[in-house]
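Visitor: next one to model:
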Amino acid sequence: MTFPIQKTDTEWFEALQAKGAEPVAYQVTRHAATERPFTGKYEQHWADGSYHCVCCGAQLFQSDTKFDAGCGWPSFYKAVPGAITEIVDRSHHMVRTETVCSQCGAHLGHVFEDGPQPTGLRYCMNSASLNFHDPASQGGASTPHEDSLGSAHSDSGDSGDGSN
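Guide: Below is the predicted model of the structure:
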């Protein structure tokens with residue numbers, strides 16, 4: 001699949017490092033790894049603002065669509081229209097719907113049909129694939145704390161409920 005923003009693996013790695021992205025961001029976004037449940041910096045983050053792709057900056061979600069799904073990853077019931085591309089994921093003896101950024105193809109997580117109304121969807125995202133933008137801050141991007149998530153793992157379905 002081709003996306004409007006194209007870079008080599010080395011360019012993505014260097015770009016994420018230059019942005020100060022957490023160490024697991026490259027593995028999550030470019031190689032579909034999954035951060036461990038209940039460890040991501042945005043899992044219990046409830047400030048007003050918007051969530052953007054950590055790789056390219058595209059807006060993905062508004063904070064008013066975030067909800068506590070209890071699954072261990074930030075969850076949203078509605079994405080910004082056109083921001084996310086869905087791909088059938090048949091890995092690990094499961095059939096799921098992977099979500100990637102429509103601009104750069106960064107792996108974000110998965111979407112499930114067990115969310116709240118009005119959509120019934122649960123976009124289960126990796127914090128490492130997101131940046132939060134606070135409209136009140138001058139720079140626009142903020143992170144609640146530095147996360148020492150040194151442990152991402154391959155998306156093997158063995159992390160908690162395998163939802164991400």
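Visitor: in this structure, which spans are strands?
Guide: Secondary structure of the chain by DSSP state E: the strands cover 33-35, 50-53, 59-62, 66-67, 75-76, 84-89, 96-101, 107-112, 122-125, 130-133, 141-142, 152-154.
Visitor: I'd like the ones you listed laid out as CSV, including mean pLDDT.
Guide: CSV is the format used below for those (pLDDT from 0 to 100):
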stretch, mean pLDDT
strand 33-35, 96
strand 50-53, 98
strand 59-62, 98
strand 66-67, 98
strand 75-76, 98
strand 84-89, 95
strand 96-101, 97
strand 107-112, 97
strand 122-125, 98
strand 130-133, 98
strand 141-142, 48
strand 152-154, 40
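Visitor: closest one to residue 42 among these?
Guide: Closest approach to residue 42 among those is made by strand 130-133 (5.7 Å; C-beta to C-beta). In short, each C-beta sits where N, CA and C put it, glycine included.
Visitor: paired strands for the closest one, with orientation please.
Guide: The pairing partners recorded for strand 130-133 under DSSP bridges are strand 50-53 (antiparallel), strand 141-142 (antiparallel).
Visitor: could the strands of the chain be laid out in TSV, adding mean neighbour count and distance to residue 21?
Guide: Formatted as TSV, the strands of the chain follow (neighbours: other C-beta atoms under 10 Å; distance: least, C-beta to C-beta, whole Å):
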stretch	mean neighbour count	distance to residue 21
strand 33-35	27	12
strand 50-53	23	11
strand 59-62	20	15
strand 66-67	18	20
strand 75-76	26	20
strand 84-89	15	19
strand 96-101	21	14
strand 107-112	26	14
strand 122-125	26	15
strand 130-133	22	8
strand 141-142	14	11
strand 152-154	16	12
